[in-house]
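Undergrad: Sequence and predicted structure are below.
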Amino acid sequence: MRKLEETNCTICGLCCQHISKVSELKEFDLGNGTCKYYEHTTKQCKIYDSRPDICKVDVMYDKRYYKEFSPSEYAISNASICNSLQEFYRLDKSYRILINQTNFI
């Protein structure tokens, strides 16, 4: 069984480039919606191990969303949002998360 976080991230970097509407990440915004800790060349976070809770799918489920969604529903919702963002920016389909109940806890 994979953790929520492992299930959702395909390391495309789009969420790290669209943080302007996330109030908890205002201090991280370079002013263009991109996180100051996002590494463009690797598409990864420079502070991954110490990143804020808002950036941790599994932690946010436990803190905020556990009453509203089952773990599976939450993972599917996150995956759907991620896929929509990737489609909007015409990211290669290899980054898409295949959504079906067996992929999620």
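TA: Looks like it came in fine.
Undergrad: tell me the mean pLDDT over the longest helix anywhere in the chain?
TA: Using DSSP state H, we find that the single longest helix of the chain is helix 71-88. In this model, helix 71-88 has a mean pLDDT of 89.
Undergrad: can you check stretch 14-31 too?
TA: In the prediction, stretch 14-31 has an average pLDDT of 95.
Undergrad: With the flanking residues excluded, which residue is spatially nearest to residue 55?
TA: Of all residues not flanking residue 55 in the chain, residue 45 sits nearest, at 7.3 Å (Cβ to Cβ, 6 or more residues apart in numbering). Placement of C-beta: from N, CA and C, glycine included.
Undergrad: ditto for residue 86
TA: Using Cβ to Cβ, 6+ apart, the nearest residue to residue 86 is residue 95, at 5.3 Å.
Undergrad: Show the contacting residues for the one you found.
TA: Applying Cβ atoms under 8 Å, 6 or more residues apart in numbering, we find residue 95 in contact with 10, 12, 86.
Undergrad: So the second one versus residue 93, what's the distance?
TA: Read that as residue 12. Separation of residue 12 from residue 93 (Cβ to Cβ, to the nearest Å): 11 Å.
Undergrad: what does the first one give?
TA: Counting by Cβ to Cβ, the gap from residue 10 to residue 93 is 11 Å.
Undergrad: The two: who's more crowded?
TA: Ranked by neighbour count (other Cβ atoms under 10 Å), residue 10 and residue 93 place residue 10 first, with 16 against 9.
Undergrad: While we're on the more buried one, how confident is the model there?
TA: At residue 10, pLDDT is 83.
Undergrad: Now residue 76: closest residue in space that isn't a chain neighbour?
TA: Using Cβ to Cβ, 6+ apart, the closest residue to residue 76 is residue 99 (5.7 Å).
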